[in-house]
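**Student:** sharing a model that was predicted from the sequence below.
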Amino acid sequence: MAGATKTIKPAKPLKVKKILCTQPRPDSDKSPYFDIEKKYKVKIDFIPITGIEGVDSKEFRKQKIYLQEYSGIIFQSRNAIDNFFRICAEMRHTMPEMAKYYCISESIALYLQKYIQYRKRKVFYGNGKLDDLKDLLKKHKENERFLYACSTQHTDDLVKHMTDNGFSFREGAVFSPVFTDVRKTLTNIEAYDLILFFSPTSVKSVKHNFKRYKQGTTRIAVFGPQTAKACDEEKLRIDIKAPTPEFPSMTMACEDYLKKTNK
(Lines give C-alpha, C1' and ligand atoms only; values in the text may rest on other atoms or scores of the structure.)
Protein backbone atom coordinates (compact mmCIF):
# COMPACT_ATOMS: atom_id res chain seq x y z
CA MET A 1 0.00 0.00 0.00
CA ALA A 2 1.39 3.30 -0.99
CA GLY A 3 2.15 5.72 1.80
CA ALA A 4 -0.01 8.78 2.31
CA THR A 5 1.16 11.88 0.51
CA LYS A 6 2.57 14.47 2.88
CA THR A 7 1.39 18.04 2.54
CA ILE A 8 4.35 20.41 2.44
CA LYS A 9 3.54 23.82 3.84
CA PRO A 10 5.13 26.74 2.04
CA ALA A 11 7.87 28.43 4.00
CA LYS A 12 6.73 31.53 5.86
CA PRO A 13 8.35 34.73 4.56
CA LEU A 14 11.15 36.01 6.74
CA LYS A 15 10.23 38.63 9.30
CA VAL A 16 10.85 42.21 8.22
CA LYS A 17 12.83 44.27 10.70
CA LYS A 18 14.51 46.96 8.64
CA ILE A 19 13.00 48.89 5.71
CA LEU A 20 14.64 51.28 3.27
CA CYS A 21 12.30 53.90 1.81
CA THR A 22 14.00 55.54 -1.17
CA GLN A 23 12.12 58.82 -0.66
CA PRO A 24 12.73 61.74 1.73
CA ARG A 25 11.38 61.53 5.26
CA PRO A 26 7.71 62.66 5.31
CA ASP A 27 7.13 66.23 6.43
CA SER A 28 4.13 65.30 8.52
CA ASP A 29 4.32 63.27 11.75
CA LYS A 30 0.93 61.85 10.76
CA SER A 31 2.40 59.89 7.86
CA PRO A 32 1.19 56.26 7.77
CA TYR A 33 4.86 55.18 7.60
CA PHE A 34 5.26 56.09 11.27
CA ASP A 35 2.12 54.14 12.14
CA ILE A 36 3.65 51.10 10.43
CA GLU A 37 6.88 51.49 12.43
CA LYS A 38 5.01 51.40 15.73
CA LYS A 39 2.46 48.74 14.83
CA TYR A 40 4.86 46.21 13.33
CA LYS A 41 7.99 47.13 15.31
CA VAL A 42 10.11 47.84 12.23
CA LYS A 43 12.72 50.51 11.57
CA ILE A 44 12.26 52.62 8.43
CA ASP A 45 15.20 54.59 7.05
CA PHE A 46 14.27 57.36 4.62
CA ILE A 47 17.20 57.80 2.24
CA PRO A 48 16.43 59.40 -1.15
CA ILE A 49 18.67 57.77 -3.73
CA THR A 50 17.80 60.19 -6.50
CA GLY A 51 18.36 63.92 -6.79
CA ILE A 52 16.41 66.66 -8.50
CA GLU A 53 17.07 68.55 -11.72
CA GLY A 54 14.70 71.33 -12.71
CA VAL A 55 12.93 71.28 -16.07
CA ASP A 56 13.99 74.47 -17.85
CA SER A 57 11.41 76.88 -19.21
CA LYS A 58 12.15 75.88 -22.81
CA GLU A 59 11.29 72.24 -22.05
CA PHE A 60 8.28 73.31 -20.00
CA ARG A 61 6.90 75.26 -22.98
CA LYS A 62 7.03 72.06 -25.05
CA GLN A 63 4.31 70.68 -22.76
CA LYS A 64 2.02 73.39 -24.20
CA ILE A 65 0.85 74.48 -20.77
CA TYR A 66 -0.37 78.08 -20.50
CA LEU A 67 -0.12 79.05 -16.85
CA GLN A 68 -2.77 81.77 -17.08
CA GLU A 69 -5.39 79.11 -17.89
CA TYR A 70 -5.15 77.41 -14.47
CA SER A 71 -6.85 78.62 -11.30
CA GLY A 72 -5.63 75.94 -8.87
CA ILE A 73 -2.09 74.59 -8.48
CA ILE A 74 -1.47 71.23 -6.75
CA PHE A 75 1.75 70.59 -4.81
CA GLN A 76 2.98 67.46 -3.06
CA SER A 77 6.56 68.53 -2.34
CA ARG A 78 8.87 71.47 -1.77
CA ASN A 79 10.74 70.50 -4.93
CA ALA A 80 7.56 71.03 -6.91
CA ILE A 81 7.02 74.45 -5.32
CA ASP A 82 10.61 75.61 -5.90
CA ASN A 83 10.65 74.55 -9.53
CA PHE A 84 7.16 75.78 -10.35
CA PHE A 85 7.93 79.30 -9.19
CA ARG A 86 11.36 79.18 -10.84
CA ILE A 87 9.64 78.43 -14.14
CA CYS A 88 7.15 81.23 -13.49
CA ALA A 89 10.07 83.62 -13.05
CA GLU A 90 11.86 82.37 -16.16
CA MET A 91 8.66 82.81 -18.18
CA ARG A 92 7.99 86.19 -16.55
CA HIS A 93 4.62 85.00 -15.36
CA THR A 94 3.21 86.41 -12.12
CA MET A 95 0.66 84.21 -10.40
CA PRO A 96 -2.56 86.21 -9.85
CA GLU A 97 -3.74 86.97 -6.33
CA MET A 98 -6.89 84.94 -6.97
CA ALA A 99 -4.88 81.75 -7.64
CA LYS A 100 -5.53 78.88 -5.26
CA TYR A 101 -2.97 76.39 -4.00
CA TYR A 102 -3.71 72.83 -2.89
CA CYS A 103 -1.04 71.08 -0.82
CA ILE A 104 -0.79 67.58 0.59
CA SER A 105 0.21 68.80 4.07
CA GLU A 106 0.37 71.92 6.21
CA SER A 107 4.18 71.98 6.15
CA ILE A 108 4.16 72.00 2.33
CA ALA A 109 1.54 74.76 2.38
CA LEU A 110 3.60 76.89 4.77
CA TYR A 111 6.59 76.54 2.44
CA LEU A 112 4.63 78.65 -0.07
CA GLN A 113 5.50 81.67 2.10
CA LYS A 114 8.84 81.66 0.31
CA TYR A 115 7.05 82.79 -2.86
CA ILE A 116 3.67 84.30 -2.00
CA GLN A 117 2.03 86.48 0.65
CA TYR A 118 0.55 83.52 2.44
CA ARG A 119 -2.18 85.29 4.41
CA LYS A 120 -3.53 87.04 1.33
CA ARG A 121 -3.80 83.91 -0.80
CA LYS A 122 -6.19 80.98 -0.83
CA VAL A 123 -4.18 78.00 0.36
CA PHE A 124 -5.74 74.63 1.18
CA TYR A 125 -3.95 71.60 2.63
CA GLY A 126 -4.52 68.04 3.73
CA ASN A 127 -3.13 65.95 6.58
CA GLY A 128 -0.22 64.44 4.66
CA LYS A 129 -2.16 61.53 3.16
CA LEU A 130 -3.01 61.28 -0.53
CA ASP A 131 -6.59 60.22 0.15
CA ASP A 132 -7.10 63.39 2.17
CA LEU A 133 -5.75 65.50 -0.70
CA LYS A 134 -8.15 63.74 -3.07
CA ASP A 135 -11.08 64.62 -0.80
CA LEU A 136 -9.88 68.22 -0.62
CA LEU A 137 -9.69 68.54 -4.40
CA LYS A 138 -13.11 66.96 -4.80
CA LYS A 139 -14.67 69.78 -2.78
CA HIS A 140 -13.38 72.31 -5.32
CA LYS A 141 -13.78 70.19 -8.45
CA GLU A 142 -16.65 72.11 -10.06
CA ASN A 143 -15.10 75.57 -10.02
CA GLU A 144 -11.43 74.86 -10.63
CA ARG A 145 -9.07 74.09 -13.45
CA PHE A 146 -6.10 72.37 -11.85
CA LEU A 147 -2.43 72.20 -12.76
CA TYR A 148 -0.56 69.42 -10.97
CA ALA A 149 3.08 70.51 -10.60
CA CYS A 150 4.97 67.24 -10.52
CA SER A 151 8.02 65.21 -11.52
CA THR A 152 8.61 63.84 -15.01
CA GLN A 153 8.46 60.40 -13.40
CA HIS A 154 5.77 60.77 -10.75
CA THR A 155 4.16 57.48 -9.74
CA ASP A 156 1.32 58.38 -7.38
CA ASP A 157 -2.28 57.61 -8.36
CA LEU A 158 -3.54 61.19 -8.09
CA VAL A 159 -3.62 61.55 -11.87
CA LYS A 160 -5.65 58.35 -12.27
CA HIS A 161 -8.06 59.54 -9.59
CA MET A 162 -8.57 62.92 -11.26
CA THR A 163 -8.95 61.35 -14.71
CA ASP A 164 -11.45 58.75 -13.52
CA ASN A 165 -13.52 61.40 -11.72
CA GLY A 166 -13.71 63.95 -14.49
CA PHE A 167 -11.52 66.72 -13.09
CA SER A 168 -10.42 69.55 -15.38
CA PHE A 169 -6.63 69.33 -14.99
CA ARG A 170 -3.21 68.95 -16.56
CA GLU A 171 0.05 67.51 -15.32
CA GLY A 172 2.93 69.96 -15.47
CA ALA A 173 6.37 68.36 -15.10
CA VAL A 174 8.65 70.90 -13.42
CA PHE A 175 11.54 68.67 -12.29
CA SER A 176 13.21 65.35 -13.05
CA PRO A 177 14.86 62.77 -10.77
CA VAL A 178 18.56 62.08 -11.35
CA PHE A 179 21.09 59.68 -9.85
CA THR A 180 22.87 60.75 -6.67
CA ASP A 181 25.91 59.27 -4.94
CA VAL A 182 24.58 57.77 -1.69
CA ARG A 183 27.44 55.41 -0.89
CA LYS A 184 28.51 57.43 2.16
CA THR A 185 24.97 57.59 3.54
CA LEU A 186 23.84 54.12 2.55
CA THR A 187 26.81 52.05 3.65
CA ASN A 188 25.13 48.63 3.75
CA ILE A 189 22.13 48.36 1.45
CA GLU A 190 22.09 44.58 1.75
CA ALA A 191 21.21 44.90 5.45
CA TYR A 192 17.62 45.86 4.62
CA ASP A 193 14.85 43.28 4.65
CA LEU A 194 12.59 45.39 2.43
CA ILE A 195 13.31 48.19 -0.05
CA LEU A 196 10.59 50.52 -1.36
CA PHE A 197 11.04 51.87 -4.90
CA PHE A 198 8.85 54.64 -6.33
CA SER A 199 10.35 55.37 -9.74
CA PRO A 200 12.44 53.70 -12.43
CA THR A 201 15.25 56.14 -11.62
CA SER A 202 15.40 54.95 -8.01
CA VAL A 203 15.83 51.34 -9.20
CA LYS A 204 18.55 52.32 -11.67
CA SER A 205 20.25 54.41 -8.97
CA VAL A 206 20.84 51.31 -6.84
CA LYS A 207 22.64 49.62 -9.71
CA HIS A 208 24.49 52.86 -10.44
CA ASN A 209 25.73 53.19 -6.84
CA PHE A 210 26.18 49.52 -5.98
CA LYS A 211 27.34 47.73 -9.09
CA ARG A 212 27.78 44.41 -7.26
CA TYR A 213 24.43 44.55 -5.47
CA LYS A 214 22.76 41.17 -4.96
CA GLN A 215 19.15 41.05 -3.80
CA GLY A 216 19.40 37.81 -1.84
CA THR A 217 16.52 37.54 0.66
CA THR A 218 15.71 41.26 0.53
CA ARG A 219 12.11 41.89 -0.43
CA ILE A 220 11.31 44.63 -2.94
CA ALA A 221 8.17 46.77 -3.18
CA VAL A 222 7.44 48.85 -6.27
CA PHE A 223 5.00 51.65 -6.99
CA GLY A 224 3.74 51.85 -10.54
CA PRO A 225 4.18 49.72 -13.67
CA GLN A 226 7.23 51.63 -14.92
CA THR A 227 9.04 51.00 -11.63
CA ALA A 228 8.15 47.32 -11.89
CA LYS A 229 9.48 47.26 -15.44
CA ALA A 230 12.79 48.76 -14.28
CA CYS A 231 13.12 45.99 -11.65
CA ASP A 232 12.46 43.36 -14.30
CA GLU A 233 15.15 44.88 -16.50
CA GLU A 234 17.61 44.74 -13.59
CA LYS A 235 16.52 41.16 -12.80
CA LEU A 236 15.27 42.09 -9.34
CA ARG A 237 12.52 40.00 -7.76
CA ILE A 238 9.36 41.93 -6.87
CA ASP A 239 7.46 40.90 -3.75
CA ILE A 240 5.01 43.80 -3.31
CA LYS A 241 3.23 45.83 -5.98
CA ALA A 242 1.17 49.01 -5.71
CA PRO A 243 -1.10 50.60 -6.58
CA THR A 244 -3.81 47.97 -6.91
CA PRO A 245 -7.59 48.26 -6.51
CA GLU A 246 -7.23 46.68 -3.07
CA PHE A 247 -4.12 48.62 -2.02
CA PRO A 248 -3.97 52.02 -3.75
CA SER A 249 -0.97 53.25 -1.74
CA MET A 250 2.50 51.90 -1.00
CA THR A 251 1.87 51.99 2.75
CA MET A 252 -1.33 49.93 2.42
CA ALA A 253 0.41 47.32 0.27
CA CYS A 254 3.35 47.09 2.68
CA GLU A 255 1.09 46.81 5.72
CA ASP A 256 -0.75 43.91 4.14
CA TYR A 257 2.58 42.17 3.58
CA LEU A 258 3.77 42.87 7.13
CA LYS A 259 0.58 41.36 8.55
CA LYS A 260 1.80 38.04 7.13
CA THR A 261 5.49 38.28 7.98
CA ASN A 262 5.48 40.05 11.34
CA LYS A 263 2.70 38.25 13.18
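**Tutor:** Everything's here; your move. Here the structure is a predicted model, which is why all the values come from computation and not from measurement.

**Student:** confirm Lys64 sits in a helix?
**Tutor:** No - per DSSP: H, G, I helix; E, B strand; the rest coil, Lys64 lies outside any helix segment and is coil.

**Student:** pLDDT wise, what is it at?
**Tutor:** Lys64 is assigned 95 on the pLDDT scale.

**Student:** how near is it to Val222?
**Tutor:** 31 Å (C-beta to C-beta, to the nearest Å). Where C-beta positions appear, they are placed from N, C-alpha and C, glycine not excepted.

**Student:** so these two - more neighbours on which side?
**Tutor:** Val222 (29 against 7; other C-beta atoms under 10 Å).

**Student:** mind listing the strands for the stretch 1-150 of the chain?
**Tutor:** 18-21, 43-46, 50-54, 72-75, 100-103, 122-125, 146-151 (DSSP state E, counting those that start in this stretch).

**Student:** can you give me the helices for this protein?
**Tutor:** Applying DSSP state H to the chain gives helices spanning 32-40, 57-61, 78-90, 106-111, 130-139, 158-164, 200-209, 225-233, 250-261.

**Student:** just those helices: most buried one?
**Tutor:** helix 200-209 (a mean of 21; mean count of other C-beta atoms under 10 Å).

**Student:** report the inter-axis angle for that helix versus strand 146-151.
**Tutor:** Here helix 200-209 runs at 10 degrees with respect to strand 146-151, directions being taken by axes from the mean of the first three to the mean of the last three C-alpha atoms, to 10 degrees.

**Student:** which residues touch helix 200-209?
**Tutor:** Residues outside helix 200-209 that contact it (C-beta atoms under 8 Å, 6 or more residues apart in numbering): 22, 49-50, 153, 177-183, 186, 189, 195, 197, 213, 222, 226-227, 229-231, 234, 236.

**Student:** identify each buried residue in stretch 161-179, please.
**Tutor:** 161-162, 167, 169-177, 179 (16 or more other C-beta atoms under 10 Å).
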